[in-house]
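In: Please find the sequence and the predicted model below.
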Amino acid sequence: MQKFTQKFTTTAAMFALAALATTGARAEPPSYPLLCHGGPAMRIMENHDVNGAGIPGATAMFVYFKQGSAPGSAHPPGAGECTWMDRTLNDAGHPNEPLVFWIKSPNVQFAFQIMGSGQVVRDSTGPRLNVEGSTLSAEARDWETIVHGVMTGGIFTVNVYNSNGVMVVTHVGP
């Protein structure tokens, strides 16, 4: 019976390790809240993956910002800035943190209405922004939160991790 138990335990452990190897390889690193204050100093860049036939795929949105001068727990960042809750970006212990975050999805697209002057069309609710599926998808509402915050000077939080020169968004909101 002891040999059967050892063999069963060893086999179960091998299957568990194989499962971890296939799912664990894709696990995201821990992310942390980045408090942001939108405004004209922030810049949004959006693009689509396009396959060889010219068909658009995933949408990626990059948001460029300035580094806040104090931790978010001390006071909110200034317009166009982002900061960590517990410290500033690029402090002595963490040099070279990127001043850009990005979010990507094959399920979200959005559009702005822009006048010939280059100004975004606004109405009583703010900038005219069309996020497809915003009433149906939590993911689309996250994108809308970011874009609306940037364009209206609102305060918003993105949870991010640093990956090769860009902060990757894992969650929007506290």
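Out: Cool, the structure landed.

In: Next, find the distance separating Phe62 from Gly149.
Out: To Gly149, Phe62 is 15 Å away according to Cβ to Cβ, to the nearest Å. Where you see a C-beta, it was placed from the backbone N, CA and C, and this is true even at glycine.

In: Please identify which of these two sits among more neighbours.
Out: Higher neighbour count among Phe62 and Gly149: Gly149, with 21 against 16, using other Cβ atoms under 10 Å.

In: Please, which helix or strand holds the nearest residue to that one once chain neighbours are set aside?
Out: Spatial nearest neighbour of Gly149, excluding adjacent residues (Cβ to Cβ, 6 or more residues apart in numbering): Phe156 at 3.7 Å. Element membership of Phe156 [criterion: DSSP states H and E] is strand 155-163.

In: Now find how far off-centre that strand is within its chain.
Out: Relative to its chain's centre, strand 155-163 lies at 6 Å (Cα atoms, centre = their mean, to the nearest Å).

In: just checking, next helix/strand downstream of that strand?
Out: strand 166-172.

In: tell me what that next one is packed against?
Out: strand 100-105, helix 138-152, strand 155-163 (3 or more Cβ pairs under 8 Å, 6 or more residues apart in numbering; DSSP states H and E).

In: how about TSV for those, with mean pLDDT and distance to Gly173 added?
Out: Compiled in TSV, those are given as follows (pLDDT from 0 to 100; distance: least, Cβ to Cβ, whole Å):
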stretch	mean pLDDT	distance to Gly173
strand 100-105	93	13
helix 138-152	89	7
strand 155-163	96	6
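
In: Redo those as TSV? Include distance to Ser69.
Out: What follows is the helices and strands packed on strand 166-172, written out as TSV (distance: least, Cβ to Cβ, whole Å):
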stretch	distance to Ser69
strand 100-105	18
helix 138-152	19
strand 155-163	16
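
In: Out of these, which is closest to Gly80?
Out: Gly80 lies closest, by Cβ to Cβ, to one member of the helices and strands packed on strand 166-172: helix 138-152, at 8.9 Å.

In: For the closest one, buried residues please.
Out: 139-151 (16 or more other Cβ atoms under 10 Å).

In: How about stretch 70-83?
Out: 71-72, 77, 80-83.

In: Now compare the residues you listed and name the two farthest from each other.
Out: Pro71 and Gly80 (17.3 Å).

In: Before we move on, what's the pLDDT of Leu136?
Out: Listed pLDDT for Leu136 reads 65.

In: Perfect, I'm done here.
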